[in-house]
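Q: Sequence and predicted structure, then a few things I'm wondering about:
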Amino acid sequence: MKNKKLNAVHVWKQLEDLLVPRLHLSVFDRAVYSHLLRHSRLEGRLQLRFSILWLARGAGLSGWAARIAVRSLVAKGALRLAERSRAGHVVEVRLPEEIRSVRAGKIVARDAERVPSVANLEKVDFLESRALRQAIHAREGGFCFYCLRRLGPMVRCLDHVVPRVRRGCNGYRNLVSSCAECNSQKGERRAEDFLRWLYREGRLSAGELSGRLRALARLAAGKLRPALRQSAGSANPALAHAEGRAK
C-alpha cells in the first residue's frame, strides 16, 4: 500500500457516500474508523500502533465497544491487522477507495440517483445511497423511532427493527431512524421487547408505548412508506409522501 498526499474533504465524502452504506457501518464502527484514519493516513502514516484504552478514550466509547468495532472493521476490510499483542494493535487503515467491496460497488452517478417506482419499493435496499437513507430519517420527522428523542443530523443512525443477525433486511419496513443510545441498547432484542424495556425504564409513558407499538405494527404492514422524490430531469412523478407517525 503506497502512501500519498490525501484530500481530506474527498476522503470524508467517500466515507459518507460509499464506505458507510456499502459496509453497513454502525455508529461505533464509524467513530473508530474516523479516529484511526485521523491519526494514521491523514498524518501520512501507513500503520498505527494503539491500545484499546487509547482508542476508546479518543472515540468516546467504552473499551468493549471499541474492541468490537475494531474486529468489525477488520472483518469488513476497512482495517488490516498487522499485529496484535500485549503492546497493542498495529493496523493499516484502508481508504474507502482501497477497500475491495467498496470499489466493486462504487456508485458512478451519485448526484443523479435513480428513485425506485412504487412497484419496486419492496425490493429497494435503503442503505444503498444517501438519498434513500435520508428518506428513512425524514419519515420519522427528526425523532428517534424508539424513545421519541429529538435527533440532530450528527447523532442519528439507522437501526434494523429485525437485526441483521436474525436475517433482517434493508427494506423500508425494517429500518427506522434511531438515536445512538437506542441503537446500542436494543442490540439483538425484538423491537417490541425493547420498547417495553424503555417503558419500564421510564423513558416512555404508557401512552407513548402504545403509540410506538402501533407504529411498529404499521411499519411491518408497509403503511409507513418513506417519501422519495425523483431527481431532476426524471419523467416520473414524485412518490407518495410517507404516512404520518402514530401518536
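A: Sure, I can see it. Keep in mind that this is a model prediction, so the values were computed, not measured. Numbers count the residues shown, from 1 in each chain.
Q: any idea how this structure splits into domains?
A: Here the domain assignment for the chain is 8-103, 110-220, based on automatic domain parsing.
Q: Okay, now the unreliable bits of the protein?
A: Counting by pLDDT under 70, the chain has low-confidence residues at 1-4, 102-119, 229-247.
Q: What helices and strands are in contact with the longest helix that it contains?
A: Using DSSP state H, we find that the single longest helix of the chain is helix 206-220. With contacts defined as 3 or more C-beta pairs under 8 Å, 6 or more residues apart in numbering; DSSP states H and E, the packing partners of helix 206-220 are helix 191-200. No exception for glycine: its C-beta is placed from N, CA and C like everyone else's.
Q: Give the buried residues for the helix it packs on.
A: Across helix 191-200, burial judged by 16 or more other C-beta atoms under 10 Å covers Ala191, Phe194, Leu195, Arg196, Leu198, Tyr199.
Q: and the angle for that helix with helix 206-220?
A: Angle, helix 191-200 to helix 206-220, by axes from the mean of the first three to the mean of the last three C-alpha atoms, to 10 degrees: 170 degrees.
Q: Now do helix 191-200: distance to the chain's middle.
A: Relative to the chain's own centre, helix 191-200 is displaced by 22 Å; criterion: C-alpha atoms, centre = their mean, to the nearest Å.
Q: repeat for stretch 84-92
A: With C-alpha atoms, centre = their mean as the basis, stretch 84-92 stands 27 Å off its chain's centre.
Q: just stretch 49-65 next, same as before
A: Distance, stretch centre to chain centre, for stretch 49-65: 20 Å (C-alpha atoms, centre = their mean).
Q: In PDB, list the C-alpha atoms belonging to it.
A: Output of stretch 49-65 as PDB, limited to C-alpha atoms (Å, rounded to 0.1, in the frame of the first residue of the first chain):
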ATOM      1  CA  ARG A  49       0.000   1.200  16.900                       C
ATOM      2  CA  PHE A  50      -2.500   1.800  19.600                       C
ATOM      3  CA  SER A  51      -4.100   0.400  22.700                       C
ATOM      4  CA  ILE A  52      -7.800  -0.300  23.000                       C
ATOM      5  CA  LEU A  53      -7.900   2.100  26.000                       C
ATOM      6  CA  TRP A  54      -6.400   4.900  23.900                       C
ATOM      7  CA  LEU A  55      -8.800   4.200  21.100                       C
ATOM      8  CA  ALA A  56     -11.800   4.100  23.500                       C
ATOM      9  CA  ARG A  57     -11.000   7.400  25.100                       C
ATOM     10  CA  GLY A  58     -10.300   9.100  21.800                       C
ATOM     11  CA  ALA A  59     -13.500   7.800  20.100                       C
ATOM     12  CA  GLY A  60     -15.600   8.400  23.200                       C
ATOM     13  CA  LEU A  61     -16.600   4.700  23.600                       C
ATOM     14  CA  SER A  62     -16.400   2.000  26.200                       C
ATOM     15  CA  GLY A  63     -13.500  -0.400  25.900                       C
ATOM     16  CA  TRP A  64     -15.800  -3.200  24.900                       C
ATOM     17  CA  ALA A  65     -17.500  -1.100  22.100                       C
END
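Q: residues of it that come out buried?
A: Buried residues in stretch 49-65, counted by 16+ other C-beta under 10 Å: Phe50, Leu55, Ala56, Gly58, Ala59, Leu61, Ala65.
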